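Engineer: The sequence and its predicted three-dimensional model are supplied below.
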Amino acid sequence: MTIGIDGGGTKTEAVLSDSRGAIIHRLTFGATNPHAVTFETAEKRLAEAAEAMFAYAESLPDEPAVPAICLGVAGVARREEIDRIADSVSAQLAAKGRDARVFVRSDADIALMAAHGKPSGLIAIAGTGSIVYGVAADGSRYRVGGWGHLLGDEGSGYAIGRRTLQAVMQSFDGVLPETALTPLVLRKCALHSSDELKHYVYRPAFGKAEIAAFAELCIEAGEADDAVAAAILKRSAEELAVCVLTIRRKHPDFAHAPVGAAGSMFRHSAYYRACFTARHDAEAAEAPLVLSDRSPALGAALLARMLAEAADGTAL
């Protein structure tokens, strides 16, 4: 039995998985991207999520051991960040008498494991943020994008949410035609006119997650054939597809490899998926898109098992 945790910029999901890879228990917590909520808050929430899984395991009739935990944390890539989170969560759990190996990986690593059932291959993630990530058979790692909402996040919920808000103002100014996005956004924000949106958006508490939430309005308007919303979705999906085409040139293993697709934009927008696929297949039609139906948190639990077995040399 292992614990997997998917720590994101909007929410955190924790799962307890059995030896067959089935989810026994699942809970959701607040955001744990340390660059969004601070390292102290992220470490506290990650430890709370792990403790909740331990407590549930103890409630089971056979009280199974939990020898390993894998934390996949958004925004964490540097070795010092990985070590800090691993040490902090380990210490918090040890203080409660919990004895388990704690492995920390990126959110891309656990999404890759969930999509392909192995720690190598290609994954395109389009959630609140975005990244295209690849691990070759020799263990070498590559990325395109994933540089955060100011430097990257192509095709992400944040990018689409920002463009949705901008489109409302551009429509108000007459730069863009009338769009169904305007009444949807005004209703969500409880505003009467588009010119009130500036004061709503430029509040201190209005951050990345709040902007990304407007992507669902863009999806809704796009499904209703709104031309402005459809253009936003198409442009954003094509930008992410270009990132995938770019990473394919970085290693021979990636040239014809299937690409896993994960994140809310792929799950919730058929039009986004179609636009992504059309742009991707224009240059790499022989490499299929694999829509991941397993949660990244389960990918983390599967990765925890694999890493613990590798460390011990025995099967859990």
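Structural biologist: All right, it came through fine. Residues are numbered from 1 along each chain as shown.

Engineer: hang on, Leu176 packs against Gln170?
Structural biologist: Yes. When contacts are counted by C-beta atoms under 8 Å, Leu176 is listed as touching Gln170 (4.3 Å). In this view, the C-beta of every residue, glycine as well, is placed from N, C-alpha and C.

Engineer: show me what contacts Ile211?
Structural biologist: Applying C-beta atoms under 8 Å, 6 or more residues apart in numbering to Ile211 gives the contacts 158, 161-162, 165, 201.

Engineer: and it, how far is that from Lys198?
Structural biologist: From Ile211 over to Lys198 the distance is 14 Å, taken as C-beta to C-beta, to the nearest Å.

Engineer: same question, Asp253
Structural biologist: Distance from Asp253 to Lys198, by C-beta to C-beta: 48 Å.

Engineer: Same check on Phe29?
Structural biologist: 33 Å.

Engineer: next one: Ala167
Structural biologist: Look at Ala167 and Lys198: by C-beta to C-beta, they are 14 Å apart.

Engineer: the more surrounded of those two?
Structural biologist: Comparing Ala167 with Lys198 by neighbour count (other C-beta atoms under 10 Å), the higher total belongs to Ala167, at 24 against 10.

Engineer: My guess is that one contacts Leu176. True?
Structural biologist: Yes. With contact defined as C-beta under 8 Å, Ala167 reaches Leu176; the gap is 5.9 Å.

Engineer: joint contacts of those two?
Structural biologist: Counting by C-beta under 8 Å, 6+ apart, the shared contacts of Ala167 and Leu176 are Val228.

Engineer: With adjacent residues omitted, what lies nearest to the residue nearest to the spatial centre of the chain?
Structural biologist: In the chain, the C-alpha nearest the mean C-alpha coordinate belongs to Gly127, at 4.9 Å (C-alpha atoms, centre = their mean). Distance criterion C-beta to C-beta, 6 or more residues apart in numbering; nearest residue to Gly127, sequence neighbours excluded, is Gly263 at 3.6 Å.

Engineer: tell me the contacts of the one you found?
Structural biologist: Gly263 is in contact with 111, 125-127, 130, 156-157, counting by C-beta under 8 Å, 6+ apart.

Engineer: What is the helix or strand where Leu298 lies packed up against?
Structural biologist: Using DSSP states H and E, Leu298 maps to helix 296-312. With contacts defined as 3 or more C-beta pairs under 8 Å, 6 or more residues apart in numbering; DSSP states H and E, helix 296-312 has these neighbours: strand 2-7, strand 11-17, strand 23-30, strand 68-73, strand 101-106, helix 107-116.

Engineer: Repeat the analysis, applying 10 Å as the threshold.
Structural biologist: With contacts taken as 3 or more C-beta pairs under 10 Å, 6 or more residues apart in numbering; DSSP states H and E, helix 296-312 sits against strand 2-7, strand 11-17, strand 23-30, strand 68-73, strand 101-106, helix 107-116, strand 121-126, strand 259-262.

Engineer: Now that helix: average pLDDT?
Structural biologist: Taken as a whole, helix 296-312 has a mean pLDDT of 89.

Engineer: about what we covered before: phi first, then psi, for the residue nearest to Gly127.
Structural biologist: phi 110, psi 160 (degrees, to the nearest 10).

Engineer: and the gap between it and Lys188?
Structural biologist: Distance, Gly263 to Lys188, using C-beta to C-beta: 21 Å.

Engineer: Okay, and Phe172 sits in which element?
Structural biologist: Assigned by DSSP H and E, Phe172 belongs to helix 157-173.

Engineer: Give me the contact list for the helix or strand bottoming out on mean pLDDT in the chain.
Structural biologist: Here the helix or strand of the chain ranked lowest by mean pLDDT, DSSP states H and E is helix 34-37, holding a mean of 86. Contacting residues not belonging to helix 34-37 are listed as 7-10, 12, 30-31, 40-46, 73-76, 81, 84-85, 128-129, 148-149, 207-209 [C-beta atoms under 10 Å, 6 or more residues apart in numbering].

Engineer: And these, which of them are buried?
Structural biologist: Among those, the ones that count as buried by 16 or more other C-beta atoms under 10 Å are 7-10, 12, 30-31, 42-46, 73-76, 81, 84-85, 128-129, 148-149, 208-209.

Engineer: ok, Ala282 touching Phe276?
Structural biologist: No. Using C-beta atoms under 10 Å, Ala282 makes no contact with Phe276, being 11.1 Å away.

Engineer: The residue lying farthest from the centre of the chain and Trp147, how far apart?
Structural biologist: In the chain, the residue that sits farthest from the middle, by C-alpha atoms, centre = their mean, is Gly174; the gap is 35.2 Å. Noted for Gly174: a distance of 34 Å to Trp147, by C-beta to C-beta.
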